[in-house]
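Colleague: Would you be able to build a 3D model of this:
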Amino acid sequence: TEGRPLNAKVELWDGPDNTPQTIEIYVEEGNMRPFSTVFETPGFATNTIAIRNTAHMEFPLYAAVKPVKKDVEDGGPGGPALNLSSTNKPKTVQGGAVYTTAFAPAVESVQIAIESDGRPVKARIELLQGPNNSKQ
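Modeller: Numbers count the residues shown, from 1 in each chain. Reported below is the predicted structural model:
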């Protein structure tokens, strides 16, 4: 985003009835804090990704999509989200609850895996930085 705000919506149209999975993204400074995500696709049917820039015309974004075949490029069976969950113990976060975790300033990036037992997921992820905790 060349240092400008990133405001976008990413949709995965998946399955036989094309039910969308949606992520809405807002990042204050796109160069300093780039956003990336992994969508797990169960393989029922052809999938489509839609990336919508919901910002004003003056704030363009740059997007790339790379399909990854299971068991070949993602490090093993189960996909990247399952691999992340298997290396770190997942924490149950009930509806309406907040889960926070701190990490050292030297950390350059974090990976987050969110999954459910098959029910819809609605979550908000916030990066709080600095002594005044400005949300990113």
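
Colleague: Give the buried residues for stretch 109-124.
Modeller: For stretch 109-124, the neighbour count (16 or more other CB atoms under 10 Å) marks residue 113 as buried. All C-beta atoms are positioned from the backbone trio N, CA, C, and that covers glycine.

Colleague: Endpoints of it, how far apart?
Modeller: End-to-end distance of stretch 109-124: 18 Å, with CA to CA, to the nearest Å as the criterion.

Colleague: do stretch 10-26 as well
Modeller: Chord length of stretch 10-26, first to last residue, is 11 Å (CA to CA).

Colleague: Stretch 97-108 too?
Modeller: Counting by CA to CA, the terminal residues of stretch 97-108 are separated by 27 Å.

Colleague: List of residues touching it?
Modeller: 91, 93, 110 (CB atoms under 8 Å, 6 or more residues apart in numbering).

Colleague: The chain: helices as residue ranges?
Modeller: Defined through DSSP state H, the helices belonging to the chain, from first to last, are 79-87.

Colleague: Tell me, please, where in it the pLDDT is lower than the cut-off.
Modeller: Under the criterion pLDDT under 70, the flagged ranges of the chain are 42-45, 68-87, 129-136.
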